[in-house]
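**Q** Take a look and give me a structure for this.
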Amino acid sequence: MEPRSCEQLVSLIFPGLPYVLRASRGPDSAGGQATAKLRRYQTSSSHINLGGDATRRMRAPVLPEKKQSFYNRLSRLRPLVRGSDRLAESLIQKTLHVLAIKRFPLLARRLAYQHRQFNNSKDVEQLAEWLRPMDVLQLAFWLSSLYANLVSRQVRKDRALFFTPPELSTRVIANLREGGVDFSTARFIDPGCGGAAFLAPLAGVIRDALSDRGISPKRTLRHLETHLTGWDIDPLLCKLCKAFVWMVIYEEIKATRFIPRLNVKRGDALTMNRRSKSHFDVVVCNPPYRKVPTKKLADLSQENRAICLGQPNLYAIFMTVAVKLATPKGWIALVTPTSFLSGPSFMPLRKRLAADTQVCQVDLVEKRQGVFVSVEQETAVTTLQKVPRNAKGTSRERRETSVFAIGSEQPSELVGMASVPHDGSAWVLPRARGDVPLLAVLRARKHTLASYGYETRTGLFVPHRDKRRTRKWRNKEARAFPLIWSTDIGQDGCFEFEQAAHSKRFVVIAKKDDGVVLRKPSVALQRTTAKDDARRLIATPVGGDFVKKYGGYVGENHVVFLLPTERAVCDVRLLAKILRSNTVDRLFRCISGSVSVSSSELAELSLPDPQVVLAALARRESIESAINEGYELKRKASDETPARRVLPEEAVA
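**A** As a prediction, the model looks like this:
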């Protein structure tokens, strides 16, 4: 396939992007010169494809096509390591050595590893042969992922061993190029560099940028020693990182017979950041995703503990570290879960990012599956630029944020612009072009659950911890109450308690625990749904007849209940219909960053004017039409301003 220039790539991915600095790119500029030699990647042994083919592959699941072959090989290799982390490390290092002998002979001595356990192993030979024809980025991804899946679950969890697929790392580099980064002069760091997902492609792009300026191969290798930095807590991943970067620049190593001393160090980025006096023009990272264990909270600085409310997530701390490491006007590019976009626990992080950076772009990966190996994760690629403070300590005027959707059915597209709030509230981002007219509705928030006269309550029965007796049948026991599970809430809005069979259908509640029993009608919602689901808000009314029949009910922990107060303006049946509507579902998707349907997000959700909805329904209008009228979307449809048009028909059908 004919490779495309980076300018063509950028025009495909970023049409109309507002912060593009195209005017500064003449044929003699650094940016223009750095885009000229992508054809070289097609023929070199260290192939990195940043051309149009990589862009088009974003239509398919992000994970490379060799996934099934990977799992087949993984199942054959696991018996060899017998659950031993030491043997897993040995197998990977032996494979790396065999691979170097077969394809990168000048690296064989540097990557030599002797372990009699795998001498003359056919499985290692076959694995190396499988990896050998791959381009370096694919090779790096699969060998790193193999290591992550061969070590014990505890090690994988503690070190958060999930690696960025090449399609996302090349996307990050394209975003940086579009922002105007000069790859021939900028200093780069990845504070979680295991697997070299970013350092390896960056080495290739830097090499070509310098080559376009006439820099010799030897000087290019010396340049990489001082302009490319990586930290990682895992010693084997540091070794792999160096090896993969060397493979990318192997043609230069072969021409000069010089192997650069890469600045890749073993260490915890949270402590190395405090010791480091250096700052970098570009910080790229796919940080570890996991909660910080309670016993390790004391090891965190007060500043890091305060970045999240409650138990902090490690990736949130890494995001603030990345901002600290950047120079004024430096760039930060991060691949993270989308959960930081909303929810009260990430409020301090959002406030910090809005204060210290310009949020230039957010790419939302639409599919949870097919991004990382062995895990489903909703993913965002966030591009930030650090904002210098003026003499008064206030930040400069901010621009709107470009929001892109990376889907499996269509190419990535610009879906709209959004304003990031400065007060730490949720980042309201459109997920599709049809969501753009709804942003004003979300910002206005004229009506919420509170104004509807409803309050939220999460089910208190936690199955694996609750010791109270449960029964399949009530058997006329007075204190046995129905236990409502998320599976009792049908996708179609039906309450399926009587139809769904369950071994724990009733729970016996003592009088002293009577507070867990709900004794009024409510709207029950599934507390965990994914953006891949047809609906995020799966709701059903629990009516007064049900309460009267059983005297009350108890909720399992994966159910959220909306309970009417004396100020309720509508009954539970109407509220359930409103929440199940397409328009409200789209609104919720714009404010939700995780699979959780949390009470805080429900409280922030903008709802239509209930009196307008009731009046429209009295005129026998459909529920969707009544809701759009309650949001004043019909009036906006007649507005002459294109941005105020009603939602596309398919969004409210």
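**Q** and residue 503, how many neighbours?
**A** By the criterion of other CB atoms under 10 Å, residue 503 has 7 neighbours. The C-beta positions use only the backbone N, C-alpha and C, and glycine is treated the same way.
**Q** Oops, could you answer that again for residue 300 instead?
**A** With other CB under 10 Å as criterion, residue 300 counts 16.
**Q** Next, the contact list for it, please.
**A** When contacts are counted by CB atoms under 8 Å, 6 or more residues apart in numbering, residue 300 touches 270, 292, 312, 317.
**Q** What helix or strand is the residue nearest to residue 507 when sequence neighbours are not counted located in?
**A** The shortest distance from residue 507 to any non-neighbouring residue, by CB to CB, 6 or more residues apart in numbering, is to residue 483 (4.6 Å). Applying DSSP states H and E as the criterion places residue 483 in strand 480-484.
**Q** swap in residue 457?
**A** Assigned by DSSP H and E, residue 457 belongs to strand 454-458.
**Q** Parallel or antiparallel, which strands does the very next helix or strand once past that strand pair with?
**A** Per DSSP H and E, the first helix or strand lying C-terminal to strand 454-458 is strand 470-471. Taking DSSP bridges as the criterion, strand 470-471 forms sheet pairs with strand 506-508 (antiparallel).
**Q** So which elements touch whichever helix or strand comes after the partner strand?
**A** Using DSSP H and E, the helix or strand that follows strand 506-508 in sequence is strand 522-526. Strand 522-526 sits against strand 539-542, strand 559-564, helix 572-580, with contacts defined as 3 or more CB pairs under 8 Å, 6 or more residues apart in numbering; DSSP states H and E.
**Q** could I get the ones you listed as a markdown table with distance to residue 162 and mean neighbour count?
**A** A markdown table is the format used below for these (distance: least, CB to CB, whole Å; neighbours: other CB atoms under 10 Å):
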| stretch | distance to residue 162 | mean neighbour count |
| --- | --- | --- |
| strand 539-542 | 33 | 24 |
| strand 559-564 | 29 | 23 |
| helix 572-580 | 34 | 21 |
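**Q** Compute the inter-axis angle for the strand holding residue 457 and strand 559-564.
**A** 150 degrees (axes from the mean of the first three to the mean of the last three CA atoms, to 10 degrees).
**Q** can you pull the buried residues of strand 454-458?
**A** Within strand 454-458, the residues that qualify as buried are 454, 455, 456, counting by 16 or more other CB atoms under 10 Å.
**Q** got any ranges where the stretch 51-200 of the chain has weak pLDDT?
**A** 51-65 (pLDDT under 70).
**Q** Could you report the neighbour count for residue 531?
**A** 17.
**Q** Show me the shaky parts of the stretch 301-450 of the chain.
**A** Applying pLDDT under 70 to the stretch 301-450 of the chain picks out residues 367-377, 389-397, 407-411.
**Q** so which of the helices and strands packed on strand 522-526 comes closest to residue 510?
**A** strand 559-564 (21.0 Å; CB to CB).
**Q** Can you name every helix or strand that that closest one contacts?
**A** Against strand 559-564 (3+ CB pairs under 8 Å, 6+ apart) you get strand 454-458, strand 522-526, helix 572-580, helix 599-604.
**Q** Direction included, what does that strand pair against?
**A** With DSSP bridges as the test, strand 559-564 pairs up with strand 454-458 (antiparallel), strand 522-526 (antiparallel).
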